[in-house]
Each structure stands twice: as C-alpha cells, then as structure tokens.
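[1] From the sequence below, what's the structure:
(one chain, ligands or ions: 1)
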Amino acid sequence: MELVDIFPAFGLRIDCGPVTLRAMRESDVPRVCELVAEGIHEEGAQPFLVPWNVSKTQPVESLQFYYRTWATFSSEAWTLLMAVERDGVMVGAQDVKTEKFGIVRHGETGSWLGLRHQGRGTGTLMRQAMLTFAFDHLGAVEMRSAAWADNPSSHRVSEKCGYVANGYQLLDRQGRRARQDDFVATPETFVRPPYEVAVTGADAFRRAIGLDGER
Ligand SMILES: CC(C)(COP(=O)(O)OP(=O)(O)OC[C@H]1O[C@@H](n2cnc3c(N)ncnc32)[C@H](O)[C@@H]1OP(=O)(O)O)[C@@H](O)C(=O)NCCC(=O)NCCS
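    As a prediction, this is how the structure comes out:
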C-alpha cells in the first residue's frame with residue numbers, strides 16, 4: 001500500500017500550462033520555509049489575517065500547521081493544501097478551506113507566492129487551476145476569496161478570475177481595524193485559464209471527501 005491509498009489528497013495534481021498544483025507533502029516544508037525567508041511581501045505590508053510568515057518561529061509553526069491540517073482532514077471539514085510549481089520549481093502555495101462541502105458546495109481559497117515569483121501571472125493561473133478543479137471535478141456552486149482592502153494584487157487576481165464583490169467585513173488586523181473585501185465566483189462568472197487543465201487523482205479525492213463517484 002502507498003500513502004496516497006490511505007490519504008488520497010496526497011495524490012492530487014492539477015496542471016495548467018506552466019503552472020502545476022500538486023499536493024503539499026511533509027518534504028516540501030523546508031522549501032516553504034526558504035520561500036518565506038526570502039520574503040512573500042514587501043516590508044510593512046500585511047496581506048494575511050495572521051502574520052504567520054513573520055513569526056520568529058515560523059518554520060516549526062508552519063510544519064505544525066501542515067500536520068494539523070492533514071490530521072483534521074475529514075469529509076465534514078477539509079482543507080486542501082497544494083504546492084505551486086512554475087516550470088517545475090516550487091514557488092508558493094494554493095489552499096482551499098471548506099466546511100460541509102458535500103452540502104453547501106463552496107469553499108474559500110487562500111494563496112501566496114515568493115515575492116520574486118510574483119507579477120508574472122502565476123497567481124492568476126494557480127487560482128484559475130483550483131477553481132477549474134472545484135467547479136468541474138467537485139461540483140462547487142461558488143468559490144470565495146477575501147483580501148484586505150489594501151491588497152491590490154489579490155483584488156486584481158480575483159477580478160481577472162471573474163469574481164464579483166460579495167460584501168466586506170471590518171476586522172481586527174493585528175490590533176487595528178481593517179476592511180476585508182469578500183469576493184465570490186460561480187461557474188457562470190468564472191474566467192477560465194487560457195490553458196487546458198489536467199487533473200490527476202480526482203476520483204479518489206472525491207471519494208475521500210464523501211462525494212463517491214459523483215461530480
Ligand atoms: C496575491 C498573489 C498570490 C498574486 O500573485 P501574482 O503572481 O503576483 O499575480 P498575477 O501576476 O497573476 O496578477 C497580479 C495582478 O495584480 C496587479 N498588481 C500588482 N500590484 C498592484 C498594485 N500595487 N496596484 C494595482 N495592481 C497591482 C498586477 O499588475 C497584476 O495585474 P495585471 O495582470 O492586470 O497586470 C501574490 O501577489 C502574493 O503572494 N501576495 C502576497 C500574499 C497574498 O497577498 N496572498 C493573498 C492573501 S488574500
């Protein structure tokens with residue numbers, strides 16, 4: 001037996017032109033830490049709800065986050081963690097978080113790239129690849145994304161992928177009030193990538209999240 005027979009999420013792979021999303025594995029965590037150490041945003045920017053990447057103990061906290069996410073994966077509440085490769089080099093991560101997906105059929109994406117890998121269309125392609133998988137292979141009816149009002153690149157990626165505004169929230173961002181904009185994409189609004197999307201491991205993943213063979 002292989003590990004993917006026990007945990008089918010480890011067998012997922014989504015290819016979209018120069019970008020590949022493949023399941024994050026324990027052995028990728030050192031590369032995550034390298035990318036974080038090189039920087040994933042300009043000094044002083046605050047793209048995340050929790051500033052996990054600037055913690056002094058980020059490497060072990062990231063490892064623990066990945067273990068915790070794999071350990072609590074269930075059909076009731078699953079988070080899919082994908083490593084992002086551009087031309088075969090790991091450059092970031094693309095996640096989807098869900099709760100009761102089998103009933104509500106929506107999830108929220110989250111993503112980041114190493115700073116020096118940004119601004120060449122990768123962020124858009126990786127989101128489009130994930131949305132293609134969610135809509136075409138998992139039967140999602142909508143997918144959501146949220147970004148602080150002062151995160152123009154995330155807003156622009158959402159716009160390029162066909163999301164529409166879905167309200168906002170005023171939240172505590174590290175001790176200060178900040179506006180988080182919410183966006184939603186449906187199969188109707190979704191702007192598909194200019195490449196064919198090839199998915200490996202979808203059937204086993206669907207079974208793992210309780211969708212059996214259905215789409
Ligand atoms: C958000 C992120 C994943 C996008 O990745 P990316 O590879 O840079 O995205 P793309 O190159 O596909 O698109 C970025 C778009 O934002 C635009 N953009 C970037 N900075 C901008 C700014 N200051 N003002 C306006 N537009 C801006 C780019 O011009 C581009 O749009 P275009 O194609 O129309 O020119 C990446 O910037 C990142 O990891 N940021 C840090 C973490 C983060 O913010 N994660 C999301 C949390 S909600």
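
[2] Just the C-alpha atoms of the longest helix along the chain, please, in PDB.
    Using DSSP state H, we find that the single longest helix of the chain is helix 122-137. Once non-C-alpha atoms are left out, helix 122-137 reads as follows in PDB (Å, rounded to 0.1, in the frame of the first residue of the first chain):
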ATOM      1  CA  THR A 122       1.300  32.800 -11.700                       C
ATOM      2  CA  GLY A 123      -1.100  33.900  -9.000                       C
ATOM      3  CA  THR A 124      -3.900  34.100 -11.600                       C
ATOM      4  CA  LEU A 125      -3.200  30.800 -13.200                       C
ATOM      5  CA  MET A 126      -3.000  28.900  -9.800                       C
ATOM      6  CA  ARG A 127      -6.300  30.300  -8.700                       C
ATOM      7  CA  GLN A 128      -7.900  29.500 -12.100                       C
ATOM      8  CA  ALA A 129      -6.500  26.000 -11.900                       C
ATOM      9  CA  MET A 130      -8.000  25.500  -8.500                       C
ATOM     10  CA  LEU A 131     -11.400  26.900  -9.500                       C
ATOM     11  CA  THR A 132     -11.500  24.700 -12.600                       C
ATOM     12  CA  PHE A 133     -10.900  21.700 -10.300                       C
ATOM     13  CA  ALA A 134     -13.600  22.900  -7.800                       C
ATOM     14  CA  PHE A 135     -16.200  23.600 -10.400                       C
ATOM     15  CA  ASP A 136     -15.600  20.800 -12.900                       C
ATOM     16  CA  HIS A 137     -14.500  18.000 -10.600                       C
END
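
[3] Tell me the helix or strand right after that helix.
    Sequence order places strand 142-148 as the next helix or strand after helix 122-137, per DSSP states H and E.

[4] ok, now how distant is the closest residue to the ligand within the chain from Ala165?
    Residue of the chain nearest the ligand, by C-beta to the nearest ligand atom: Gly123 (2.0 Å). For the C-beta atoms, the positions are set from N, CA and C on the backbone; glycine is no exception. Taking C-beta to C-beta, to the nearest Å as the measure, Gly123 falls 19 Å from Ala165.
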